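Visitor: attaching a predicted model along with its sequence, questions to come.
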Amino acid sequence: MGFPGTWMTESESVVYRVVPKCACSTIGQIMYYSDHGEFFDGDIHDAQAGMHKWSMDDSQPVITANVKNHKSYAFTCVRNPYTRILSSFFDKICGIQRNGKRYRGNLVPLLIQKYGIEVGDPENGFEFDQIKSFRRFLLFARDTIRWRRPMEPDIHWSAMSGHISTFIVNGGTYDHIFWTEAFNDGMQTVLDNIDTAHSVDLTTIPRFNESEGHGPKRAHPVEDYFDDLSMHLVYEIYKKDFNLFKYDFENPGNKMPTGEVDLAEVHAKLGE
């Protein structure tokens, strides 16, 4: 199995387990900058050099040797499940992707046909009933995760705990897990624990949101999208995420965590 979704600086100063929709573009660029003194020109997900990634064959033995021996500081970043699934909907389902097309080709037509979802389009300013469509998308997301129908679950809405567990199960150990909602504090802790060729000032680093501007803007507060049934579906999908990363299931409007992440608990429960 190895360490899918794992990135490491070329200098091996730090190891990061990517969790989609959790500031991964910004984190990747910070890692790249810390080695090279400049940002990658483009989307960091497209970088094929200047950084080790599990998806690149040459990087796999280097990452494996580092992670199994815990040679470098290792971390990941999480996000409130309510805002993460909403972000996935607006970016991947409603948005036009970097290549100018819809995400995963026939996915959106499938959702329109099977679940009655509307997504709008750039020509009409993405006018559609966001709340109704999002709740139908939630049914689809639950179906993919629970029954793997009508397709396998997508990495952008599969549970964070699933991504994070592969690193532990295959022999990795996290030194830090922080929240996107307190990004600067969490990322600063990482930087304080590693030696970098180039110093990073988080107050001046831009936020690299590669999905921004390609789809509709969220028209309502987060809590408006989640009625009782929606909350039930979200809890069914993300129960471990709420519990392990200390997010507030009872109040979709509260994006902030309610307690500290217990690394020992995460390793025990996700390492089984």
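Guide: Here it is on my side, so go on.
Visitor: tell me the helix or strand right after the helix or strand of the chain with the lowest mean pLDDT.
Guide: In the chain, the helix or strand scored least confidently by mean pLDDT, DSSP states H and E is helix 107-115, which has a mean of 92. Counting by DSSP states H and E, the next helix or strand C-terminal to helix 107-115 is helix 130-147.
Visitor: after that next one comes which helix or strand?
Guide: Following helix 130-147 in sequence, per DSSP H and E, is helix 160-169.
Visitor: can you point out the buried residues in the very next helix or strand once past that next one?
Guide: Going down the chain from helix 160-169, the next helix or strand is strand 176-179, by DSSP H and E. For strand 176-179, the neighbour count (16 or more other C-beta atoms under 10 Å) marks 176-179 as buried. For glycine as for every other residue, the C-beta is placed from the backbone atoms N, C-alpha and C.
Visitor: the lengthiest strand in the chain packs against which elements?
Guide: Assignment by DSSP state E gives strand 73-78 as the longest strand of the chain. Applying 3 or more C-beta pairs under 8 Å, 6 or more residues apart in numbering; DSSP states H and E, one finds that strand 73-78 contacts strand 14-17, helix 160-169, strand 176-179, helix 183-192.
Visitor: and with 6 Å instead?
Guide: strand 14-17, strand 176-179 (3 or more C-beta pairs under 6 Å, 6 or more residues apart in numbering; DSSP states H and E).
Visitor: quick one: mean pLDDT for the very next helix or strand once past the first one?
Guide: I take that to be strand 14-17. Toward the C-terminal end, the helix or strand that comes next after strand 14-17 (DSSP H and E) is helix 24-36. Averaging pLDDT along helix 24-36 yields 97.
Visitor: what lies in contact with helix 24-36?
Guide: 9-11, 16, 18, 39-40, 44, 50-51, 196-198, 200, 207-208, 210 (C-beta atoms under 6 Å, 6 or more residues apart in numbering).
Visitor: low-confidence stretches in the stretch 151-272 of the chain?
Guide: Along the stretch 151-272 of the chain, segments meeting pLDDT under 70 span 210-213.
Visitor: switch to 80 and redo it
Guide: 209-215 (pLDDT under 80).
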